[in-house]
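A.B. asks: I would like to see how this sequence folds:
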Amino acid sequence: MSGSAAIQPVTERGKRTRRKLLDAATREFGDRGFHEASISGITRRAGVALGSFYTYFESKEAIFQALVRDFSEGVRLAASSGIAHSGTAIERERDALAAFLQFASEHKEIYRIIDEAEFVDPASYRSHYENTAQRILERLQAGNEAGELRDGLEEAHAWAIMGMNVFLGLRYAVWAKESDRLSEIPDIASTILAQGIAKQP
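C.D. replies: Reported below is the predicted structural model:
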């Protein structure tokens, strides 16, 4: 997405305004999709003047790109916080999934926005998934080095786990039903990992 950029504010007030614009863009893109969304719709939702938008973003494409990166960072921070007190390698994956499900439950728009990024901003779309898979791979490697996970784990295993997490999030966070027991999903998923990648005695 060449030619578009986001201007980073330096004052606290500027940071708050930028945050308001990103939050408003989440609702605008989430409700209307990229092509139907408008800058005026974003500023109206944010409660800021139209001219203020261009203090922080050069275009609709620029704020969309910033939003994809913001969501990607949100996923990273949620997982990092979720595994802060995890014990074993399998528990880390369970807790990372639990944190992601909670994040997706609170930010259901992430699925529509990330999916649209495949066509609107392919570089950010690819980066989001590559970076997420890399973090999972690093956790798997650490688990192997600790003697908790089996040998031979590689990039494909990380992508497989990420794929499972993404679709569990779609089903149990975005398409949630009242009868769902969300808190049980990470444990169900962890049994697959325990039987598939844990080091067997």
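A.B. asks: Any chance you could spot the residue sitting in the middle of this structure?
C.D. replies: The residue lying closest to the centre of the chain (Cα atoms, centre = their mean) is residue 75, at 3.6 Å.
A.B. asks: which parts of the host helix or strand of residue 105 are buried?
C.D. replies: When elements are assigned from DSSP states H and E, residue 105 belongs to helix 89-106. By neighbour count on 16 or more other Cβ atoms under 10 Å, the buried set for helix 89-106 is 89-104. Backbone N, C-alpha and C define where each C-beta goes, glycine included.
A.B. asks: what's the burial count for residue 164?
C.D. replies: Other residues lying near residue 164 total 15 when counted by other Cβ atoms under 10 Å.
A.B. asks: any idea how far the closest residue to residue 143 other than its chain neighbours lies from residue 41?
C.D. replies: Closest residue to residue 143 apart from its sequence neighbours, by Cβ to Cβ, 6 or more residues apart in numbering: residue 89 at 2.8 Å. Distance of residue 89 to residue 41, given as Cβ to Cβ, to the nearest Å: 45 Å.
A.B. asks: what number of residues lie near residue 142?
C.D. replies: Residue 142, neighbours per other Cβ under 10 Å, totals 13.
A.B. asks: Look up the closest residue to it, ignoring the ones flanking it.
C.D. replies: The shortest distance from residue 142 to any non-neighbouring residue, by Cβ to Cβ, 6+ apart, is to residue 89 (7.0 Å).
A.B. asks: Which pLDDT value goes with that neighbour?
C.D. replies: pLDDT, residue 89: 96.
A.B. asks: averaged over its residues, what pLDDT does whichever strand or helix holds residue 35 have?
C.D. replies: Assigned by DSSP H and E, residue 35 falls within helix 12-36. Throughout helix 12-36, pLDDT has a mean value of 95.
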